[in-house]
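Asker: what shape does this take:
(2 chains)
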Amino acid sequence: MKANRGIMLAVLGLFCLAVPVFAHHGFDTEYDQSKKLSLTGVVTKVSWLNPHMRIFIDVTNKDGSVTNWNLELTSPNNVRRQGWGKNDLVPGDKVNFEANPGKLVESRGALRLITKVGDNHPLFVRGGPEAEQEGYKGDSSK
Amino acid sequence: MKRLFVISAAVAVLAMLPSLHSQDRQTKGKPDPSLVAPQDVDKPAPRLPDGHPDLSGPWDGCWKTGKNGCYGGGTNNDMVQDLEMKPGELDSLLQPWARELRAKRKEKDEPYVGCLPEGVPRVNPYPTRIVESYTAKGLSQLFILHETGDSGAHRQVFMDGRKHPDDNDLFPTWFGHSIGWWDGDTLVVDTIGYNDRFWLDGKGTPHTEQMHTIERYTRPNFGTMLLDLTLDDPGAFTRPLEYTFTFKLLRPGLELMEFICLEDNEYGNAAGITPADESGEKEKRKEQKQ
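Answerer: Prediction:
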């Protein structure tokens, strides 16, 4: 099960390499595409602000300290047009997520995929019309 | 889990297709859920009470995806990709100074990442509407609305028969001065008076204040709006450019939404990037031309 999920993430990651993250500027300038981090944490804030929405997640590190990740998505309007509502992810939700870290500030990441713990359906897959087709809620490729 | 694996396999195949660099935003033969249903696309274009085609939309101008962003209704992040140019083609179209400037520009310096407008013929990645405004004098103005809010909310097109202002009254602006008219079922928009501050794509393709655009909009069917664009700028290009762009109708229920770009623009923070002050670039270019 875990292995299969890993394969899925890896394959989605491969797909994402060819698809833009953000609508109006490139991805490489700010984020390290060569690093993909898979983490688990607790949502502290969902920011529906322009130009790109953000999700803040507390992740407990190996040494017990906590890092609050600031993860960039795409325009909140684009996310809403794909059917994601404001109650679909709220502070306190436990999530698994994958991100590309920022080139200078690692914990400022570009969100690749996010799934609530215990739910196999990702809420958001970057560049993922496949996700929409399969009934997931989330981003389009814009 | 088996289902997920099947999805993964399908995605893997898609990811390896060369066509991915220029494809519709759809997969596995299924339609894009944000666009009008395929069975409705070829239906006749609806008409307004005045008999003209209804161009109101909202229209999606970024329904194609490539490695350098979405496009379709105009240029966006890369003219070479968005206009499907051959290698070297854009270089041959640009004046030498413009070619050099494009090569030197960096994405972080583009005005749009600082929430300034994209100008014409760039299409913002969010929906567009065309609104005809009737007054007691008839169709007096037309507005092209973009969802990007403070990065260029609307263009104003005068439909009342007026001409462009004389040079003394023509002040360069991001969207210029537009006059329009109907030519049969084609909406024609003629624009001069652009400033030279915006980039024609995210790669930094420049233009000058000499730029003159003629846009011809048609709606051949229910789901499609075409834009035949002529861009003439002898200051930056070696000849006029002529391209056809395609917009697709969003599905019913999807509308333009509020988009205030500056409310939380954190561009550059993750990488310690400070966007450059574009205002100095014009002076530098003048020096280069002398």
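
Asker: if I look at the residue lying farthest from the centre of chain A, what pLDDT would I see?
Answerer: Residue farthest from the centre of chain A, counting by CA atoms, centre = their mean, is residue A:63 at 24.2 Å. Here, the pLDDT recorded for residue A:63 equals 97.

Asker: give me the element the closest residue to chain A within the stretch 101-250 of chain B is part of.
Answerer: Closest contact between the stretch 101-250 of chain B and chain A, by CB to the nearest CB, is at residue B:125 (3.2 Å). For the C-beta atoms, the positions are set from N, CA and C on the backbone; glycine is no exception. Per DSSP states H and E, residue B:125 falls between elements, in no helix or strand.

Asker: and if you look at residue B:85?
Answerer: Counting by DSSP H and E, residue B:85 is found in no helix or strand.

Asker: contacts only, for the residue farthest from the centre of chain A.
Answerer: Residue A:63 makes no contacts at all, as judged by CB atoms under 8 Å, 6 or more residues apart in numbering or on different chains.

Asker: before we move on, back to that, isn't the residue of the stretch 101-250 of chain B closest to chain A up against residue B:62?
Answerer: Yes. Taking contacts as CB atoms under 8 Å, residue B:125 lies within contact range of residue B:62: 4.4 Å.

Asker: where in chain A is pLDDT low?
Answerer: Under the criterion pLDDT under 70, the flagged ranges of chain A are A:1-26, A:127-142.

Asker: which residues of it fall in helices?
Answerer: Assigned by DSSP state H, the helices in chain A fall at A:2-17, A:76-81, A:129-133.

Asker: now do chain B
Answerer: Counting by DSSP H, the helices of chain B are B:2-16, B:38-41, B:79-82, B:89-93, B:96-104, B:279-289.

Asker: quick check: mean pLDDT across the last one?
Answerer: The predicted model gives helix B:279-289 an average pLDDT of 52.

Asker: equivalent analysis for the first one, please.
Answerer: What helix B:2-16 shows for mean pLDDT is 37.

Asker: repeat for the fifth one
Answerer: Taken as a whole, helix B:96-104 has an average pLDDT of 97.

Asker: can you give me the buried ones in it?
Answerer: B:97-99, B:101-102 (16 or more other CB atoms under 10 Å in any protein chain shown).

Asker: export the residues you listed to CSV and append columns for distance to residue B:171.
Answerer: Formatted as CSV, the buried residues of helix B:96-104 follow (distance: CB to CB, whole Å):
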residue, distance to residue B:171
B:97, 24
B:98, 23
B:99, 28
B:101, 23
B:102, 26
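
Asker: show me where pLDDT drops low in chain B?
Answerer: For chain B, counting by pLDDT under 70, the residues that fall below are B:1-30, B:149-153, B:275-290.
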